[in-house]
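Novice: Based on what follows, work out the 3D shape:
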Amino acid sequence: MRIERLKAFALVRPQREFRRTSRLRQLYLVLRSAFLWTVSILHFFPVCTFLVLLGMFVDPRKNDRPQRWFFRNVLRLAGVRFQVRYAPGFDPTRTSIFVCNHVNIFDAFVIYSAIPQFVRGLELETHFKIPAYGWMMKRFGNIPVPKDSNNPAAFRRLLRRAKQALDDGISLIIFAEGTRTRTGRVGPFQRGAFVLAQYTGYPIVPMSIVGSYEFHRTGSWMLYPSTITVYIHDTIETKGMRKEDIDALMERVHRIVAEPVERALAQREGTLEMSRASWSAAASRRH
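Specialist: The predicted structure follows:
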């Protein structure tokens, strides 16, 4: 009877140790996230206010360096390890349309820290009507997007605004999915970015954000330890493309953007499977 109890205890003990370790790990992550958010907020508002005031008197294109310093520090203070990998065919000197996957609210900081040239994004037109904030977005050069972009007249107005920015030497970043991922995978693209590229003839640069989904997920406040790697792929020429080429271009860019993301997810799932197998093997040896 005593031997049976000892066997039962030997079976249960590793599971208890595992649950205890998991709870301690979860507590550490919660405390870590609370600390990082506190530090980040204390840094964000004073520095952001200073940059806005600076932007009132100095053209944002002439004070790009402090903006980059600020965006990179936001990532540092959030506990992110950050790296960028540039493809040999990427031309950093050309005004381009960057097409990127959309992960979470940190994407703007990630993108601005990775792209080595002056770049701006698209933002809902209604945001430009918000007092102070709307003025700031206009001053910093973001492009207003009509709420009803399915309206042909509104979409043509958007194309003209975007072309004017590109002609002025401002590269644009576009999240072609139109929404943030809920699974970590790259969702279907919408055609707008590719219609713009065909219309203007400016090149497209596919861009992949990897590791950000493991760092922070939409709907959660947790900030997990993670390394974010940005892949900036080869520049794709669009000059001379026809309207009939838009769908093929969109599929090509989606494939390029999604490939590093899918590879990282597969590696992560493989690592989790190995961890589960190691845990099962260790538990069996203890028995």
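Novice: Point to the residue nearest the middle of the chain.
Specialist: Centroid-nearest residue in the chain: Asp107, 3.4 Å away (criterion: Cα atoms, centre = their mean).
Novice: Asp247 versus the closest residue to it other than its chain neighbours, what's the distance?
Specialist: Distances taken as Cβ to Cβ, 6 or more residues apart in numbering put Ile209 closest to Asp107, at 6.6 Å, once the chain neighbours are dropped. The way it works is simple: take the backbone N, C-alpha and C, and place the C-beta from them, glycine included. Ile209 is 24 Å from Asp247, where distance means Cβ to Cβ, to the nearest Å.
Novice: Let me see the backbone angles for Ser208.
Specialist: Phi and psi for Ser208, reported as degrees, to the nearest 10, are phi -120, psi 130.
Novice: With Val99 instead?
Specialist: Here Val99 shows phi and psi, under degrees, to the nearest 10, equal to phi -110, psi 120.
Novice: Report the beta-bridge partners for it.
Specialist: Ile174, Pro206 (DSSP bridges).
Novice: wait, doesn't it sit right on Ser208?
Specialist: No: using Cβ atoms under 8 Å, Val99 is not in contact with Ser208; the gap is 9.9 Å.
Novice: So which of the two has more stuff around it?
Specialist: Val99 (29 against 23; other Cβ atoms under 10 Å).
Novice: which residues touch that one?
Specialist: Val99 is in contact with 174, 176, 189, 193, 204-207, 253, 257, counting by Cβ atoms under 8 Å, 6 or more residues apart in numbering.
Novice: what touches both of Val99 and Ser208?
Specialist: What both Val99 and Ser208 touch, as defined by Cβ under 8 Å, 6+ apart, is the set Val257.
Novice: max-length helix in this structure?
Specialist: Counting residues, the longest helix found in the chain (DSSP state H) is helix 2-57.
Novice: If you average the pLDDT over the host helix or strand of Arg263, what comes out?
Specialist: Using DSSP states H and E, Arg263 maps to helix 246-286. Across helix 246-286, the average pLDDT comes to 81.
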